[in-house]
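Participant: can you look at this prediction? I've put the sequence above it.
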Amino acid sequence: MAALVGVVAVVFVLLHLSGDPTYILLPLEATEEQRAAFRHHYGLDRPLAVQFAVYLERCLRGDFGQSFSFQVPALSVVLQRLPATLELTLAALLLAVALAVPAGVLAATRRGTRYDRGLMGLVLVGQSVPTFWLGMMMILIVAVRFHLLPVSGRGTVAQLVMPAVALSLWLVALLARVTRSEMLEVLAQDYVRTARAKGISEPGIARRHALRNALLPMITVVGLQFGGLLGGAVMTETVFAWPGVGTMILDAILKKDYPVVLAGVMVVALGFIVINLMLDLLYSALDPRIRRA
Amino acid sequence: MRVESQSAGMSGPLAIAPATRPSWWRAVRRRLGLGRRGVGAGGVVLVMVVLTGLFAPWLAPHGYDDQDLVEALKPPVGVGGTWSNPLGTDALGRDILSRIIYGARTSLLLSLSAVLVAAAVGVVIGLVTGYVGGTVDAAIMAIVEVQLSLPYLLFAIAFMALLQPSLTTLVVVLVLRSWVVYAQLVRVAVLSMRRREFVTVAIALGASDWRVLFRHIAPNVLASALVVSSFQLAELIIVESSLSFLGLGVQPPLPSWGSMLSQGREYISSAWWLVFFPGFAIIVTVLGANLFGDAVRDVMDPRLRGVGGPGRRARPAHREETPR
């Protein structure tokens, strides 16, 4: 909660230092009286501390103020974009889990082989490719050259494919690396040796004994990334013109639409904190050792 | 690398030169694992990019802002271009290769100085908060927590939009990303080291707080800080190019790989080389830094394996976040 107030305070101060919104929102020929009236209407003529107190109190009631540029409640501007962000994020995360977990498990069980080294090489490359560059290359090759998928936008499944793949590459690399290192750690445990001694097959050990115990850190990674991506994948959204929360906040920052920026950041930070909380609960549900500790 | 005994035919000072290489250098080489493939390859890439940046005016065939509209949008060599512009030209007829070479200068200058400042600030803050504890510690950790709940890229965008984008503000924004990583890492290390015997002994022998902190504790966190620096360098290069791509980073006419990508984006269907090559430069450099960090980490201390990413702990110290 304290963190949440801190987040709001930082963004609030930052945005209010950034200049007078009347010069962006009102026509240039607006008179000084009109500007003053605008500031008065939105409470911008009051001291910063007062504005902040008023704002915090309104936030608690779920009222984030009116968007300067859309003339609708700021929160609804944010919530309107949330489904697009969730859709992209979930698609990318699902893809990442589907690809990275089997790859990481295989690499760990075949440690030191050509497969393991190849995968770790790919992971390193995957972590070094900027997503926006990958996105543009995909647009160039898949959409412009071969006309296989639409260039950008949202609505059809075909439009979701490229942004989701571009966004997931980095996640795949991250998750594959974590999966491999966790599996290696677990495979060195005594109970794995015991399971082997009992004659359980290697795939059985990997699945039933090792993977289950390696799950927690993997879930953490997925959860934290999900939390982080609630703020929208700004770069991916920009490249593919995906109407998510990220591009919305970016636009609002550039237009100095304070209420929308604040509402957006508030929703993102809240989501991040809620996900952290849920991760903690999930740990104790999944791992009896944590529950009893 | 083993120092081979030289063939007997050689004589004079040349023959003994390898054998007299100081032993500390060999120790450093062994400690850093410079002979290892990963460290070598990553290090070579990094050194080459640094040299490219340093000697840009001598290496680049053209100036970074030499415009020639007659030569605009010329393709690279091999697909219809000429050797006078090996990687083609952009919409203003500027040489892509030269701009990439000068871009190395911009990107590295920014990210290297940001890493150095962030490391200095973060390590000192981590040392002090970890050692002093109490209110100072609580206050700084609260700031860290606030920063980690902020979506960094959006924060950086707001910051850059608020201030006039300049190289200095860019470095400040990049430092804001990284100092937290160092502070957290060092703080945790100090907390665990405070109770170790060598610290207790030093205190018992009458060492001052400063001496304990900087003489006994600080050297022990430097290895992890070096590994983290390598990964942070990789990340900050991507952050810088992302901001420049959005038009909030390096401002024209100064070339940066990110801004080249954003200018090339308009011509993506007709002139692919505007986008392909600058991105390739980013990938090679970031890959070099990641490779170097990975290898140094494995060599220096296997226990550090968690530093670059979530390790054994159920909760990583910070969420890995690259602009996406």
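Facilitator: Thanks, I have it. Numbers count the residues shown, from 1 in each chain, chains lettered A, B, ... in the order given.
Participant: and stretch A:131-142, average pLDDT?
Facilitator: Stretch A:131-142 shows a mean pLDDT of 89.
Participant: now do it: everything it contacts.
Facilitator: A:148-149, A:151-152, A:162-163, A:165-167, A:169-170, A:233, A:235-236, A:238-240, B:242, B:245, B:261, B:265, B:268-269, B:272, B:275-276, B:279, B:282-283, B:322-324 (CB atoms under 8 Å, 6 or more residues apart in numbering or on different chains). Heads up, the C-betas are built off the backbone N, CA and C, glycines and all.
Participant: repeat the analysis, applying 7 Å as the threshold.
Facilitator: Outside stretch A:131-142, the residues that touch it by CB atoms under 7 Å, 6 or more residues apart in numbering or on different chains are A:148-149, A:151, A:162, A:166-167, A:169-170, A:235-236, A:239-240, B:242, B:245, B:261, B:265, B:268, B:272, B:275, B:279, B:282, B:324.
Participant: mind giving me the ChimeraX select for those, buried ones only?
Facilitator: Selecting only the buried entries of the contacts of stretch A:131-142 in ChimeraX, with 16 or more other CB atoms under 10 Å in any protein chain shown as the criterion:
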select /A:149,151,162,166,167,169,170,235,236,239,240 /B:242,245,261,265,268,272,275,279,282,324
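Participant: take the contacts of stretch A:131-142 and keep only those in strands.
Facilitator: Of the positions in the contacts of stretch A:131-142, not one sits in strands, assigned by DSSP state E.
Participant: can you tell me which of the contacts of stretch A:131-142 are in helices?
Facilitator: A:162, A:166-167, A:169-170, A:235-236, A:239-240, B:242, B:245, B:261, B:265, B:275, B:279, B:282 (DSSP state H).
Participant: element containing the nearest residue to A:Leu119 once chain neighbours are set aside?
Facilitator: In space, and not counting its chain neighbours, A:Leu119 is closest to A:Ala107: 4.6 Å by CB to CB, 6 or more residues apart in numbering or on different chains. Using DSSP states H and E, the element containing A:Ala107 is helix A:74-109.
Participant: tell me where the stretch 151-293 of chain A has helices.
Facilitator: For the stretch 151-293 of chain A, the helices defined by DSSP state H, counting those that start in this stretch cover A:157-187, A:190-197, A:202-204, A:212-229, A:234-240, A:245-255, A:258-286, A:288-292.
Participant: of these, which stretch is the most buried?
Facilitator: Most buried of the helices of the stretch 151-293 of chain A by mean neighbour count (mean count of other CB atoms under 10 Å in any protein chain shown) is helix A:234-240; its value is a mean of 27.
Participant: check contacts around the residue nearest to A:Leu119.
Facilitator: Contact analysis of A:Ala107 by CB under 7 Å, 6+ apart lists A:115-116, A:119-120, A:180.
Participant: repeat that for 8 Å
Facilitator: Counting by CB under 8 Å, 6+ apart, A:Ala107 touches A:115-116, A:119-120, A:176, A:180.
Participant: low-confidence regions, chain B specifically.
Facilitator: Filtered on pLDDT under 70, chain B yields the residue ranges B:1-39, B:72, B:81, B:300-323.
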